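In: pasting the sequence and the predicted model now:
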Amino acid sequence: MVPLYLVLSKAFFICGFSIGRVPFVFSVQLDLDAYQLPDNDYQDDLSVLTRHVAPTLPLPRLLSLSPLSRDYESLPAWIKQEILWRNIAAKPYQSNALPTECHKPPVSDQLFNQSFVIMSFKMSGDEFPMDRPKLTHTYGSSGKVLLQIFPNSSYTGVFKAGALIPGIIRFSLGPCDINNPSFKPSFAMKLLVDGKPSENIFTFNIHGTDGQGDDRNVFSLPFSTFRPASLDPNVTKILTVQHEALKLLPGGDCHRPLDENRLPVYDAAAVSTDTKKVKAPTLLRFLPNAVVGWDSKSKLDYRVNLSKVRPNSLLYTVAARKTEDGRDQIIGKLWLMSQLVASEYQDRKLFFKHSPRSC
């Protein structure tokens, strides 16, 4: 029996050994309370934040495998983040050879198939369980993030006061065509939880699927979990299919989004929380840090510009609303912990499950 490694931190430990060529890994996970700052701590230094919970030693190569192992979900959040990140960063595209080719019929016609659309709500896991094409948000860039929740938050789950939640962010464009006359950026964020499935948040810029015109800066406008109705007839056709597909979800009204333009975060607020005590924001808004942006008239592929954003940068200030028309309450910050990488893994394998529950 040969010991392989030992990783210790305030949040968890994981150790492993091998017998012959067969590796064994076991771990002890702690709950969300392990990922918390002291009361009244509005720490504004990412290096200090990550010292509270991040692993103190490099992880073994054993854990950077794809497809993900059957035991992957039971691992601590920070380990899962590192596994996904290593897969994302393993084979990046060359900046002068970024893919741009879009799916064509009959593959692209699946956007109008309700059974195909609804699988985004029904499938589970952090990787696609099957060879499923990304027909929208086809190409993007991903990196590690840390969601920092301030002590003033009145919400629960991953939005609990003082929480520090590791995650993966993926920026992409709604349409596949990166040369679309109207730039339509958005991001999905995977929040990783100890020993449990990840929770995923989807956002759009405040102009929604109609985009921000010829402004090519991803960080020009706030992003929100709600989007305005589209005026583009081509987009409206797709959204109509999504609207009808939501009716296929089992359960009552609380088990599905209000509609295709309002993406709930209830499931994220329900993590490690008694069902009778869940307090979820009605919507989230992500207010960009203008410093990390670039010239709105840039001719570079947006993925090249994203790759230039420095690790440890503040990406967004996070605001929550109790009602759709309510006031923004600043409840946290979203930090970038790595470079943003465009790669085949995050374009084809990385999966963000749509959360159905709205109440």
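Out: On my side now, so go ahead. Numbering: from 1, shown residues only.

In: pLDDT-wise, which helix or strand of this protein ranks last?
Out: strand 2-8 (a mean of 38; mean pLDDT, DSSP states H and E).

In: quick one: the helices in the stretch 151-300 of the chain?
Out: 233-245, 266-269 (DSSP state H, counting those that start in this stretch).

In: where do the strands of the stretch 101-250 of the chain begin and end?
Out: All strands of the stretch 101-250 of the chain, identified by DSSP state E, counting those that start in this stretch, fall at 140-149, 164-173, 185-193, 196-205, 223-224.

In: specify the angle between the first one and strand 164-173 in degrees.
Out: Read it as strand 140-149. Counting by axes from the mean of the first three to the mean of the last three Cα atoms, to 10 degrees, strand 140-149 lies at 150 degrees to strand 164-173.

In: so where is the stretch 151-300 of the chain shaky, pLDDT-wise?
Out: Scanning the stretch 151-300 of the chain for pLDDT under 70 picks out the ranges 175, 177-178.

In: show the contacting residues for the closest residue to residue 338 other than its chain neighbours.
Out: In this structure, residue 338 finds its nearest non-sequential neighbour in residue 144, 4.1 Å apart by Cβ to Cβ, 6 or more residues apart in numbering. Heads up, the C-betas are built off the backbone N, CA and C, glycines and all. Residue 144 sits next to 81, 85, 166-169, 336-338 when contact means Cβ atoms under 8 Å, 6 or more residues apart in numbering.

In: tell me the one of those residues nearest residue 158?
Out: residue 167 (8.9 Å; Cβ to Cβ).

In: who touches the closest one in this structure?
Out: The contact partners of residue 167, by Cβ under 8 Å, 6+ apart, come to 81, 144-147, 189-192, 198.

In: reformat these as CSV; add distance to residue 332.
Out: Shown next, in CSV, are the contacts of residue 167 (distance: Cβ to Cβ, whole Å):
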residue, distance to residue 332
81, 17
144, 17
145, 12
146, 10
147, 6
189, 12
190, 17
191, 12
192, 16
198, 18
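
In: which one of those is nearest residue 210?
Out: Closest approach between the contacts of residue 167 and residue 210, by Cβ to Cβ: residue 189, at 22.1 Å.

In: and the closest one, how far from residue 279?
Out: 20 Å (Cβ to Cβ, to the nearest Å).

In: between the two, who's got more neighbours?
Out: For residue 189 versus residue 279, neighbours defined as other Cβ atoms under 10 Å are more numerous around residue 189 (25 against 16).
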